[in-house]
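*Asks:* Sequence below, structure please.
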Amino acid sequence: MASASRQSDLRPRRSHRILALGLFAVLAIGTMLAWQSSLIYLSGRMVANQAEGQAAIGRLADFFNDHILALRHVTQFCVSIDPLTATADPGENDLRQYAIGNYCGAVLGHTPGLTAIIGLNRLGDFEWMAPPDRFSATVIQALTGDPQMMMTLRRARMNLAISQPILLGSHGEGVIIALPIIIGHRHRGYVAGLVSLQALIDELIQPEPMHAYHTRLVQGEQQLYPPVARWLTEPDEPLETGTSVHTQLIGGQRWQVMMSPVMSPRIAPLNLISSTILLLGLGLAGLAARLLYHWLRRADQLQVEADENRSRLEHAGLSLLEARSQLELILNSVEEGIVLYNPERVPILANQAFLRMFGMADDSRRMREGEGHHEHMSRALGSEARYWSLFEALRRHPEQHYTDELTLPKPASRRQGRVYVRRALTVTGADGETRGLIVIFKDATRDKAIDRAKEEFLANVSHELRTPLASIKGFAEMLRRDPEMAPDRRLEFARIICEETSRLHQLVEEVLDLRQLDDGQIAFEPTTFDLRLVVEEIVQGTRAVLLSRGVGVRVEWSGSEDHRMQGDVVQIRRLVRNLLVNAVKYSPAGGQVLILGHGGPERLALEILDQGKGIDDRDLPHIFTKFYRGTSQGVHKGTGLGLAIVKHIVESHGGHIGVRSESGATTFRIELPRRYLSAAAAESGAGTAAGFKQSSK
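*Replies:* Numbers count the residues shown, from 1 in each chain. I've put the predicted structure just below:
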């Protein structure tokens, strides 16, 4: 019984030994086969290395033979037209140079790697180059004066020569192939071809996917590839085992191509065998682990992949909804009206700005139904031809953009119709197929109004300039022609000339001041001053104007007794004077202008009231706009800049300005902080006082 139990215990061990020996035998046989295969592979690598070296030196020779042959054709062409023989006719010389340039251009086009061709006389001086704009004069001077160039030309005097590497300006390093020009057994000069070293290396170094070699290119004693910053001081130094060296003389230079396999056969056989056994063992263990992992985890992977796919689909659906909502948000946030049509010209998407422009915000049916939409748009634009013109234009030329300007019919409630700039373009997908077209409407009514205001401003300025200039010229001419004029009359004429000059000066100053204020060229210099004193000084300074028009001025102050503030006193004087003169201008004879000042703890307020007929409701929102002149201005002249300058000065001090107009009275109110604030610092401050419209540009 004990013997049987012992034998039963030994059976598994024997089986383990048998399995171990069998595994060892399999591994040993596999290792020997792998070792033999590696030796055969290395032997094949040596043979392939020799063949690759022969092919490389052959490519090198063919490369230079092609370039030498091309340059020989150039020398023969030069001999045929003898371009280096000077003639008295400059036109004939230019014709020869043109012929050489054309011929060299053809040669360069059929000879890859040939950067340029240079013609030199027998002394080595530069004569011509093709193409003519390849190098600058500085590069040519440095190139022809290089010792390598001179040495190459001396060696090429009777046959040909190839230089050591030389710098070819921005084209990097290269070599020069020089051939002599012999005409009638006389040496007339040289033709030098500039060959890019990079092109030579690209032609020579052609690695194959199944073989990897270390390639070296040596010219004489200088290694050209890979580039090294040293000379080969020991040309007979033993090379790496397995390296094949191939040498050939080309152009008087010894060229060597050295080919070395990436893996050297110096590995000891024992190291190769042990490494192979280790790799085979690791490979078998990895294979077993991979199979086990595959058998045990396959079901879990399938389940995870299914969950991930379901989650990905849900996320994609949410992303599409989010993208659509973001697109609608972006479209509805722009001021331009945008509408998208499908290839059948049916509207599929439009933003709120478009719907408001054309009265569709409360009637979605006009947007959804194609025919109803087209009819509505045709009526809104006033013409079917005007509406369908963009569709026809893009149908004929889908690759182009369409742009036009539309003026809608004027409604009864408006002074003029709306003006829109319409732009349209075809929408194409990634596959190039047409997905529809998008149309953008931009409201250009305000821009057109500003353009008209500028035109009116130019006309007004021209008229305003012409009137004082005519008066000045007329009275000055009378003073010149009548030297014996009575003194009182002469003084009257001089007074008129001074008044017209002041009027002209004021007009020019208004234009220049507004331009400088807009451009920020006027630097505000804040100082502390008393606003009440400034107002009184301005009232005193305008007494002459008040008396001439028969208008009185009354000033009243309330609130704090302290009326000091910080600001540019020159600009504050200007804005107060402009408002006062404006009130006097529109007040009737015998009327009165009331100035009300109020001192608060943080701000000072100033109101100027006149007794004029008031400002028309249509003009009230635009009176602070540059160049704008009211429709009911009547005989009062102006450029439309005075109130714009006032508004700019107030806002530059961090203040606010407003206007209130009723029949028989107009009130301008300004509020200025006691402490100087720039416009940017005051943006977060309070608005204008209640009851006044805030000014806007």
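
*Asks:* packing partners for the helix or strand hosting residue 191?
*Replies:* Assigned by DSSP states H and E, residue 191 belongs to strand 186-196. Packing contacts for strand 186-196, counted by 3 or more CB pairs under 8 Å, 6 or more residues apart in numbering; DSSP states H and E, involve helix 2-81, strand 114-121, helix 147-155, strand 173-183. Heads up, the C-betas are built off the backbone N, CA and C, glycines and all.

*Asks:* residue ranges with poor pLDDT in the stretch 551-697 of the chain?
*Replies:* Applying pLDDT under 70 to the stretch 551-697 of the chain flags residues 626-640, 678-697.

*Asks:* if you skip the residues just before and after it, what's nearest to the residue nearest the centre of the chain?
*Replies:* Centroid-nearest residue in the chain, with CA atoms, centre = their mean: residue 401, separated by 21.2 Å. In this structure, residue 401 finds its nearest non-sequential neighbour in residue 425, 4.8 Å apart by CB to CB, 6 or more residues apart in numbering.

*Asks:* Just list the residues touching that neighbour, thanks.
*Replies:* Contacts for residue 425 (CB atoms under 8 Å, 6 or more residues apart in numbering) come out as 394, 401-402, 437-438.

*Asks:* I'd like these as a markdown table, with pLDDT, secondary structure and distance to residue 676 appended.
*Replies:* Shown next, in a markdown table, are these (pLDDT from 0 to 100; DSSP: H, G, I helix; E, B strand; the rest coil; distance: CB to CB, whole Å):
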| residue | pLDDT | secondary structure | distance to residue 676 |
| --- | --- | --- | --- |
| 394 | 84 | helix | 56 |
| 401 | 83 | coil | 49 |
| 402 | 85 | strand | 52 |
| 437 | 88 | strand | 54 |
| 438 | 88 | strand | 49 |
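
*Asks:* Kindly write the ChimeraX command that selects the buried subset of those.
*Replies:* Selection of buried members from these for ChimeraX, criterion 16 or more other CB atoms under 10 Å:
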select :394,402,437
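
*Asks:* From the contacts of residue 425, pick the one nearest residue 219.
*Replies:* residue 401 (58.2 Å; CB to CB).

*Asks:* ok now do the closest one, which residues does it touch?
*Replies:* Per CB under 8 Å, 6+ apart, neighbours of residue 401: 423-425.

*Asks:* So in terms of bridging, what pairs with residue 439?
*Replies:* residue 339, residue 424 (DSSP bridges).

*Asks:* quick one: residue 508 from residue 306, how far?
*Replies:* 82 Å (CB to CB, to the nearest Å).

*Asks:* higher neighbour count, these two?
*Replies:* More neighbours surround residue 508 than the other of residue 508 and residue 306, with 13 against 10 (other CB atoms under 10 Å).

*Asks:* mind checking how far the more buried one is from residue 501?
*Replies:* With CB to CB as the criterion, residue 508 and residue 501 are 11 Å apart.

*Asks:* again with residue 75
*Replies:* According to CB to CB, residue 75 stands 83 Å off from residue 501.

*Asks:* again, but for residue 356
*Replies:* 53 Å.

*Asks:* Same question for residue 374.
*Replies:* When distance is defined by CB to CB, residue 374 is 63 Å away from residue 501.

*Asks:* Please say which of those two ends up with more neighbours.
*Replies:* Between residue 374 and residue 501, counting by other CB under 10 Å, residue 374 is the more crowded of the two (18 against 14).

*Asks:* Just the C-alphas of the helix or strand harbouring that one, formatted as PDB.
*Replies:* In the assignment (DSSP H and E), residue 374 maps to helix 370-381. Extracted in PDB, the C-alpha atoms of helix 370-381 (Å, rounded to 0.1, in the frame of the first residue of the first chain):
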ATOM      1  CA  GLY A 370     -42.700  78.500 -48.300                       C
ATOM      2  CA  GLU A 371     -45.100  80.100 -50.700                       C
ATOM      3  CA  GLY A 372     -46.600  82.400 -48.000                       C
ATOM      4  CA  HIS A 373     -43.100  83.400 -46.900                       C
ATOM      5  CA  HIS A 374     -42.100  84.300 -50.500                       C
ATOM      6  CA  GLU A 375     -45.200  86.300 -51.100                       C
ATOM      7  CA  HIS A 376     -44.800  88.200 -47.800                       C
ATOM      8  CA  MET A 377     -41.200  89.000 -48.500                       C
ATOM      9  CA  SER A 378     -42.000  90.200 -52.100                       C
ATOM     10  CA  ARG A 379     -44.600  92.600 -50.700                       C
ATOM     11  CA  ALA A 380     -42.300  93.800 -48.000                       C
ATOM     12  CA  LEU A 381     -39.500  94.500 -50.500                       C
END
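
*Asks:* What residues sit buried inside it?
*Replies:* Applying 16+ other CB under 10 Å to helix 370-381 flags 373-374, 376-377, 380-381 as buried.

*Asks:* Show me what it packs onto, helices and strands only.
*Replies:* Judged by 3+ CB pairs under 8 Å, 6+ apart, helix 370-381 is in contact with helix 365-368, helix 384-396.

*Asks:* residues in contact with it?
*Replies:* Here helix 370-381 makes contact (CB under 8 Å, 6+ apart) with 344-347, 358-360, 365-367, 384, 387-388, 406, 408.

*Asks:* Nearest to residue 614, out of those residues: which one, please.
*Replies:* Nearest to residue 614, judged by CB to CB, of those is residue 408 at 31.6 Å.

*Asks:* Residue 156 versus that closest one, what's the distance?
*Replies:* Counting by CB to CB, the separation of residue 408 from residue 156 is 81 Å.

*Asks:* Kindly report the same for residue 487.
*Replies:* 101 Å.

*Asks:* related to what we said a few turns ago, what's the farthest-apart pair in the buried residues of helix 370-381?
*Replies:* Spatial extent of the buried residues of helix 370-381 (CB to CB) is set by the pair 373 and 381 at 12.4 Å.

*Asks:* got a list of what residue 408 touches?
*Replies:* Contacts for residue 408 (CB under 8 Å, 6+ apart) come out as 380-382, 417-420.

*Asks:* Can you lay out those as a markdown table showing distance to residue 139 and pLDDT?
*Replies:* Formatted as a markdown table, the contacts of residue 408 follow (distance: CB to CB, whole Å; pLDDT from 0 to 100):
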| residue | distance to residue 139 | pLDDT |
| --- | --- | --- |
| 380 | 67 | 83 |
| 381 | 64 | 83 |
| 382 | 67 | 82 |
| 417 | 65 | 72 |
| 418 | 63 | 82 |
| 419 | 59 | 86 |
| 420 | 58 | 86 |
